[in-house]
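**Student:** Structure here, sequence nowhere to be found:
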């Protein structure tokens, strides 16, 4: 299956390769798709420009909205630029300088932001990409270079060798056959 978002942005379209058929799922209102992430359970998560996160169930064609509420810490920020599903089924969302882990089962969000009072955390830079390696460690590419995040300890680790990785933009990240 291939998922498509056209420039008109009136929804998402599924292309089923085996039957060479297209199925369109329209999105109501003026919302625009910023990102989408097909997941292991067959659903598709969609980040919207209005801060909404939506889950599409392709079998029913129904969307479930998860709205942003600025007074509720269990919801997301006001934009959803990127989405990524890790091997545990958690959804990672990021926009700007905030990385958010969303648990689809409990529908709770955990935010990771730059905060000098909390010690080691994301540096105060734009997040560009997130990539998971075999141990579940996430590599987070920022404007000042990549940093590692260990979801088990909820700690970020910076590379202190500023001559190698600092101010480096990762164009591509990949794992070897062992997932490292």
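**Tutor:** Looks like it arrived, so ask away. Not measured: the values here are computed from a predicted model. Residues are numbered from 1 along each chain as shown.

**Student:** so residue 14 makes contact with residue 59?
**Tutor:** No. Under the criterion of C-beta atoms under 8 Å, residue 14 is not in contact with residue 59, lying 11.1 Å apart. C-beta here means a position set from N, CA and C on the backbone, and glycine is covered the same way.

**Student:** of the two, who's got more company?
**Tutor:** residue 14 (17 against 8; other C-beta atoms under 10 Å).

**Student:** if you skip the residues just before and after it, what's nearest to that one?
**Tutor:** Counting by C-beta to C-beta, 6 or more residues apart in numbering, the nearest residue to residue 14 once its immediate chain neighbours are dropped is residue 23, at 4.7 Å.

**Student:** Residue 35 too?
**Tutor:** Using C-beta to C-beta, 6+ apart, the nearest residue to residue 35 is residue 47, at 4.1 Å.

**Student:** so where's the chain shaky on pLDDT?
**Tutor:** The model of the chain has pLDDT under 70 over residues 7-9, 68-81, 96-97, 114-125, 159-180.

**Student:** does the residue nearest the centre of it sit in a helix, a strand or a coil?
**Tutor:** Nearest to the mean C-alpha position of the chain, by C-alpha atoms, centre = their mean, lies residue 83 at 2.0 Å. Following DSSP: H, G, I helix; E, B strand; the rest coil, we place residue 83 in the strand state.

**Student:** gap between it and residue 16?
**Tutor:** Plainly put, residue 83 is 22 Å away from residue 16 if you go by C-beta to C-beta, to the nearest Å.

**Student:** what do you get for residue 44?
**Tutor:** 13 Å.

**Student:** Looking at those two, which has the bigger crowd around it?
**Tutor:** residue 44 (20 against 12).

**Student:** Contact partners for that one?
**Tutor:** Neighbour list for residue 44: 3, 12, 36-38, 55-56, 58 [criterion: C-beta atoms under 8 Å, 6 or more residues apart in numbering].

**Student:** Phi, psi for it please.
**Tutor:** Dihedral pair for residue 44: phi -130, psi 120, per degrees, to the nearest 10.
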